[in-house]
Every structure is written in structure tokens, then in C-alpha cells.
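Have a look at this prediction, sequence included:
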Amino acid sequence: MRLRHYSRRTEQAYVAWIRRYIVFHHKKHPSAMGATEIVAFLSWLADDRRVSAST
């Protein structure tokens, strides 16, 4: 991300979302997950956490 000149805040935000995703799936490694886990996480964000679609 630094090579593409993203700001530190953007990097921190991306890392925070990745951590939420991993913790949501009980610390399972992302390489062991697929589309079903992504759909489950996004559904949880939209339904339970009421995160906007633009997020």
C-alpha cells in the first residue's frame, strides 16, 4: 500500500477491516476461506451491524 502512496490512515482502516474479518471467522486464516465466508461477513455487517452498503 505504501508503494501505491496510500495514506497511513487508509492503511490503518484496511488493516482494521481485515482484522474484523479474521476475528469474525474465529481467527481462521483468510487463505483457508472463500466466497461463502465473505458473503457471511458482509451479511453480518449489513444485517447485524447496520453498516452502510458504501462501506
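Received, thanks. As the structure is a computational prediction, the values presented were derived from the model and not from experiment.

now stretch 36-44, how far from the chain's geometric center?
Remark: stretch 36-44 is offset 10 Å from the chain centroid, using CA atoms, centre = their mean, to the nearest Å.

Skipping adjacent residues, who's closest to residue 45 in space?
residue 51 (4.3 Å; CB to CB, 6 or more residues apart in numbering). Placement of C-beta: from N, CA and C, glycine included.

Would you mind confirming that that neighbour makes contact with residue 43?
No - the pair residue 51 / residue 43 is not scored as a contact, 10.8 Å apart, by CB atoms under 8 Å.

On the secondary structure side, give me the element for residue 9.
Using DSSP states H and E, residue 9 maps to helix 8-24.

Restricting to C-alpha, output that helix in PDB.
Taking Å, rounded to 0.1, in the frame of the first residue of the first chain, the C-alpha atoms of helix 8-24 are listed here in PDB:
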ATOM      1  CA  ARG A   8      -1.300   5.800   6.700                       C
ATOM      2  CA  ARG A   9      -4.900   6.300   7.800                       C
ATOM      3  CA  THR A  10      -6.200   4.400   4.800                       C
ATOM      4  CA  GLU A  11      -3.700   1.600   5.500                       C
ATOM      5  CA  GLN A  12      -4.900   1.500   9.200                       C
ATOM      6  CA  ALA A  13      -8.500   1.400   8.100                       C
ATOM      7  CA  TYR A  14      -7.800  -1.500   5.700                       C
ATOM      8  CA  VAL A  15      -5.900  -3.400   8.400                       C
ATOM      9  CA  ALA A  16      -8.800  -2.900  10.800                       C
ATOM     10  CA  TRP A  17     -11.300  -4.300   8.400                       C
ATOM     11  CA  ILE A  18      -9.100  -7.300   7.700                       C
ATOM     12  CA  ARG A  19      -8.800  -7.900  11.500                       C
ATOM     13  CA  ARG A  20     -12.600  -7.700  11.900                       C
ATOM     14  CA  TYR A  21     -13.000 -10.200   9.100                       C
ATOM     15  CA  ILE A  22     -10.500 -12.700  10.600                       C
ATOM     16  CA  VAL A  23     -11.900 -12.300  14.200                       C
ATOM     17  CA  PHE A  24     -15.500 -12.800  12.800                       C
END
